[in-house]
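Trainee: Quick one, fold the following:
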Amino acid sequence: MASRIAIGQLCSTANLTKNLGVVTSLISRALDNDVSLIFFPEATDYLSQNAAHSRKLAQETPQFISSLQLEIRSLVKKSSKKIDVSIGVHLPSTGLELQKGDDRVKNVLLYIDHRGEILHSYQKMHLFDVDVPNGPILKESKSVQPGKTIPDILDTPAGKLGTEICYDVRFPELSLKLREKGAQILCFPSAFTMKTGEAHWELLARARAIDTQCFVVMPAQKGEHDVSDPNWTTGESKKNVQRISWGHSMVVDPWGTVIAHSDPNNKTDEPELIIADLDYNLLENVRKNMPLWDQRALKLYTSVND
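Mentor: Have a look, this model is predicted:
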């Protein structure tokens, strides 16, 4: 089983065409390095100024996805190698949802195989509604619809994948459920804030790896995002909107060791390719030598009335 993966770390803008160019370049570089599966962050298609701007940009995402599918087919054919792509994007609300008065976008993670076919889609369940002391006030639920379905495990060239998005990492129950369903890899594509990233990013990644005895992949947006848009002319667009993401993409093994990470000396917002080889002998040994799944006292956690 090919087990070389990569993370494409980038700094998405409000320009979907520009972002697609960055994604395509990173996929090409990953193919040159014999990567079988590349992970991109949450909101790779765009970062917006506000909820209304996001609704406008989300109308362009279906074309972004279609163009990406064509690019994957073209790159695979040109290189004579295969690569699958996990990528976070937005989707607009449907006509039925609009009729019900819900115009919020969806924050989703797509899995596109080497043939350019979408095999899997996960909609973010836990939304980032927080008021950080001395930090940002963010209410993701005002602009994003929450998902309601625990994702299926996906067989990939690099292993059995359980998909989550960003804020989901703070809820270990979901990760444990995905491990129960057979996950060997968990991914958390993200656009973490600077405050929460500095405090908890690596800690959460290593905790979920140790909890589940899975590889944990943390693809991150990094840097100050250019959310300017000459085609967005509302009064709000005149405000100085600043969007900054923590970065620090990494891969953690089932023992909780960081085995690959972005370059700490890179002070720019330039894209990075982070490559990791997943050692499944290590995964098997960790699970065998510390058999947490056989020792879980699940009956004690469940109420007799459940």
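
Trainee: Every contact and neighbour count from this point should use C-alpha atoms.
Mentor: Noted.

Trainee: Count the neighbours of Tyr301 for me.
Mentor: Neighbourhood size, Tyr301 [other C-alpha atoms under 10 Å]: 8.

Trainee: Kindly apply the preceding question to Ile7 instead.
Mentor: Residues contacting Ile7 under the criterion other C-alpha under 10 Å number 32.

Trainee: show me the contacts for it.
Mentor: 38-40, 217-219, 249-250, 272-275 (C-alpha atoms under 8 Å, 6 or more residues apart in numbering).

Trainee: So for it, what's the pLDDT?
Mentor: Reading off the per-residue confidence, Ile7 sits at a pLDDT of 99.

Trainee: From Asp102, how far off is it?
Mentor: Relative to Asp102, Ile7 is positioned 33 Å away (criterion: C-alpha to C-alpha, to the nearest Å).

Trainee: Centre-most residue in the chain?
Mentor: Pro189 (1.8 Å; C-alpha atoms, centre = their mean).

Trainee: these two touch, right, that residue and Val216?
Mentor: No: applying C-alpha atoms under 8 Å as the test, Pro189 and Val216 come out as separate, 10.5 Å apart.

Trainee: Pull up the distance across stretch 224-240, start to finish.
Mentor: Between the opening and closing residues of stretch 224-240 lies a distance of 13 Å (C-alpha to C-alpha).

Trainee: I'd like the average pLDDT over it.
Mentor: Per-residue confidence for stretch 224-240 averages out to 79 on the pLDDT scale.

Trainee: repeat for stretch 108-115
Mentor: 98.

Trainee: now do stretch 119-127
Mentor: Here the mean pLDDT over stretch 119-127 is 98, rounded to a whole number.

Trainee: Over to stretch 134-153?
Mentor: Here stretch 134-153 scores 89 as its mean pLDDT.

Trainee: Now tell me what touches it from outside.
Mentor: Residues outside stretch 134-153 that contact it (C-alpha under 8 Å, 6+ apart) are 51-52, 54, 104-107, 122-131, 160-163, 174, 178, 181-183, 195.

Trainee: Give the buried residues for that stretch.
Mentor: When neighbours are counted by 16 or more other C-alpha atoms under 10 Å, the buried residues of stretch 134-153 are found to be 140, 143-147, 150-153.

Trainee: Quick one: the contacts of Ile7 as JSON lines, columns for pLDDT, neighbour count and distance to Ala58 too.
Mentor: JSON lines is the format used below for the contacts of Ile7 (pLDDT from 0 to 100; neighbours: other C-alpha atoms under 10 Å; distance: C-alpha to C-alpha, whole Å):
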{"residue": "Ile38", "pLDDT": "99", "neighbour count": "25", "distance to Ala58": "23"}
{"residue": "Phe39", "pLDDT": "99", "neighbour count": "26", "distance to Ala58": "21"}
{"residue": "Phe40", "pLDDT": "99", "neighbour count": "31", "distance to Ala58": "18"}
{"residue": "Val217", "pLDDT": "99", "neighbour count": "27", "distance to Ala58": "26"}
{"residue": "Met218", "pLDDT": "99", "neighbour count": "29", "distance to Ala58": "24"}
{"residue": "Pro219", "pLDDT": "98", "neighbour count": "34", "distance to Ala58": "21"}
{"residue": "Ser249", "pLDDT": "98", "neighbour count": "28", "distance to Ala58": "25"}
{"residue": "Met250", "pLDDT": "98", "neighbour count": "25", "distance to Ala58": "28"}
{"residue": "Glu272", "pLDDT": "98", "neighbour count": "20", "distance to Ala58": "25"}
{"residue": "Leu273", "pLDDT": "98", "neighbour count": "20", "distance to Ala58": "26"}
{"residue": "Ile274", "pLDDT": "98", "neighbour count": "21", "distance to Ala58": "28"}
{"residue": "Ile275", "pLDDT": "98", "neighbour count": "22", "distance to Ala58": "30"}
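
Trainee: Go through the residues you listed and flag which are in helices.
Mentor: When the contacts of Ile7 are checked against helices (DSSP state H), there are no matches.

Trainee: Farthest pair within these?
Mentor: Using C-alpha to C-alpha, the contacts of Ile7 span at most 14.8 Å, a distance reached by Val217 and Glu272.

Trainee: for this structure, which spans come out with low pLDDT?
Mentor: For the chain, the stretches with pLDDT under 70 are 1-2, 132, 135-136, 234-239, 303-306.

Trainee: same thing but 90
Mentor: When the per-residue scores of the chain are filtered using pLDDT under 90, the ranges that remain are 1-2, 130-139, 233-241, 267, 296-306.

Trainee: Count residues in the vicinity of Pro230, would you?
Mentor: As a burial measure, Pro230 scores 6 neighbours (other C-alpha under 10 Å).

Trainee: before we move on, which element is it in?
Mentor: Taking DSSP states H and E as the criterion, no element holds Pro230; it sits outside all helices and strands.

Trainee: and it, backbone torsions?
Mentor: phi -60, psi -20 (degrees, to the nearest 10).
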